[in-house]
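Engineer: Just to be clear, the model below is a prediction. Sequence and coordinates:
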Amino acid sequence: MAPVQIDYSNLLLSVVVLAVSCFVLVRSFRSGRKDGSRVLPPSPPALPIIGNLHQLGRSHHHRTLLELARRHGPLFLLYLGSVPTLVVSSASMAEEVLKGQDHVFCGRPQQHTARGLLYGCRDVAFSAYGERWRQLRRIAVVYLLSAKRVNSFRALREEAVASFVDRIRAAASAHVDGDGGGKRRRGINVSELFISLTYTVISKAAFGSKLRGMEPGAVREMMMETSQLLETIAVSDVFPCLRWVDWATGLDARTKRTARKLDAVLEAALQEHEKSSGRGDDADDLLDDLLSAVEQGGAGLNLDRTDVKGLIVDLFIAGTDTIAKTMEWTMAELVKNPKEMEKTQTEVRQVAGEHRRVTEELLSTMTRPQAAIKEALRLHAPVPMLVPREAVQDTKLHGYDIPAKTRVLINA
């Protein structure tokens, strides 16, 4: 997923309305006096009503937060509208939040677009902490992400990668007319090929061949639109009392329109799988596994087809753009460092030998390609900020008082 974006046209309207609402300012002064007895984390100066929203800028929020962390430390407090937000910018602090006090910071603030797109946040990423979330996570671990299930799709991955390499070879051998009348090699859009590769693998693993009649490009476009909406902070996310602004500016209509298209695709896939159940036409895919789990209700599961839809959407969002961006940045960094690229190529050729084909077993023995990928992840995290969390109760963190309902942003 790309960095979170703020809808500034909506935000401007909300600020104008809030500026007239003096009671918000009064309430902020009152809340400030209540916090006088607490030791809160350091915070940059905030403006009345909008808080620190003006300091985030329009894009690359993770870079802005990094600069603020250099001035205020690895743990600081922002006020995004009326929402107090704790920003964590160090590995040790993140470990304390995610591991040491995970029972305190286990809440998930349900943003406006996620509620509209993900069936009221009935998925793993945005679902409220509780028994349902634990059941969803158990299903994801057992049926989607287990080593045995991932390995079962090896042939699919190898076929997709072989097709990917063939497309690059074909594109590299193509020539176009040059300026001087001669021929020159056509450029290759590797980014587009990476995205196509990841969508092919995920869609076939999730749906198999049971998406007949649906254009892969249309499904991909719809999923990208879903991701863009999930990356948008609605006005009501930072000013809960102004939910009507999302309706007035068209965000509600856009969310509902995308949700209808998304549900139509998922419902068609579910019906196709239910019709073909038991025929043995194709190998079972992930959607077959999820439907089977819901039908059997094993391990105390109490889920339905809506939960299945939410899990499948999570799979697409988490497993497509993130992988494509990692591969893209790895290639970009190797191109920028030709000596490292030459060393990596030499190792690949030595290990692959005469086979001229890199298998997953051979890849696990190569040190330089793995090091290049890890370095790309360090320099260019595909998701710079993790999904926000929320404190479910008052707590202390690194000597500071953290009130309940404080949102937490981990800037990876």
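Structural biologist: Thanks, I have it.

Engineer: Name the nearest residue to Leu270, sequence neighbours excluded.
Structural biologist: In space, and not counting its chain neighbours, Leu270 is closest to Arg305: 6.0 Å by C-beta to C-beta, 6 or more residues apart in numbering. Where C-beta positions appear, they are placed from N, C-alpha and C, glycine not excepted.

Engineer: how many other residues sit next to the one you found?
Structural biologist: 15 (other C-beta atoms under 10 Å).

Engineer: Contact partners for it?
Structural biologist: Residues near Arg305 by C-beta atoms under 8 Å, 6 or more residues apart in numbering: Leu270, Leu291, Val294.

Engineer: any low-confidence regions in the stretch 201-350 of the chain?
Structural biologist: 210-216, 277-283, 297-301 (pLDDT under 70).

Engineer: same thing but at 80, please
Structural biologist: Applying pLDDT under 80 to the stretch 201-350 of the chain picks out residues 209-220, 276-284, 294-303.

Engineer: where do the helices sit along it?
Structural biologist: 216-230, 235-238, 243-248, 251-276, 286-296, 305-319, 321-336, 338-352 (DSSP state H, counting those that start in this stretch).

Engineer: For the spatially closest residue to Glu333 that is not a sequence neighbour, list the residues it contacts.
Structural biologist: Spatial nearest neighbour of Glu333, excluding adjacent residues (C-beta to C-beta, 6+ apart): Ala376 at 5.4 Å. If you count contacts by C-beta under 8 Å, 6+ apart, Ala376 has them with Thr326, Trp329, Thr330, Ala332, Glu333.

Engineer: Deepest in the core, which of the helices of the stretch 201-350 of the chain is it.
Structural biologist: Of all those, helix 235-238 carries the top mean neighbour count, a mean of 24, counting by mean count of other C-beta atoms under 10 Å.

Engineer: Thr85: which of the helices of the stretch 201-350 of the chain is closest?
Structural biologist: helix 235-238 (9.2 Å; C-beta to C-beta).

Engineer: Just checking the distance from that closest one to the centre of its chain.
Structural biologist: 20 Å (C-alpha atoms, centre = their mean, to the nearest Å).

Engineer: before we move on, what about stretch 247-255?
Structural biologist: So, by C-alpha atoms, centre = their mean, the centroid of stretch 247-255 is 22 Å from its chain's centroid.

Engineer: Endpoint to endpoint, it covers what distance?
Structural biologist: 10 Å (C-alpha to C-alpha, to the nearest Å).

Engineer: could you dump the helices of the stretch 201-350 of the chain to TSV with distance to Lys204?
Structural biologist: Below are the helices of the stretch 201-350 of the chain laid out as TSV (distance: least, C-beta to C-beta, whole Å):
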stretch	distance to Lys204
helix 216-230	10
helix 235-238	35
helix 243-248	36
helix 251-276	12
helix 286-296	10
helix 305-319	12
helix 321-336	14
helix 338-352	26
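
Engineer: who wins for proximity to Ser191 among the ones you listed?
Structural biologist: Nearest to Ser191, of those and by C-beta to C-beta, is helix 321-336 at 5.3 Å.

Engineer: Of the contacts of Arg305, which is the nearest to Arg149?
Structural biologist: Distances from Arg149 to the contacts of Arg305, taken by C-beta to C-beta, are shortest for Leu291, at 14.7 Å.

Engineer: who touches the closest one in this structure?
Structural biologist: Leu270, His273, Glu274, Ser277, Arg305, Val308.

Engineer: can I assume Thr113 is in contact with Thr255?
Structural biologist: Yes - counting by C-beta atoms under 8 Å, Thr113 touches Thr255, with 5.3 Å between them.

Engineer: Quick check: which element contains the residue nearest to Glu333?
Structural biologist: Element membership for Ala376, per DSSP states H and E: helix 367-379.

Engineer: Give me the contact list for the helix or strand that comes right after that helix.
Structural biologist: Next helix or strand after helix 367-379 toward the C-terminus (DSSP H and E): strand 389-390. Contact partners of strand 389-390, identified using C-beta under 8 Å, 6+ apart, comprise Val97, Phe105, Cys106, Gly107, Arg108, Pro109, Lys405, Thr406, Arg407, Val408, Ile410.
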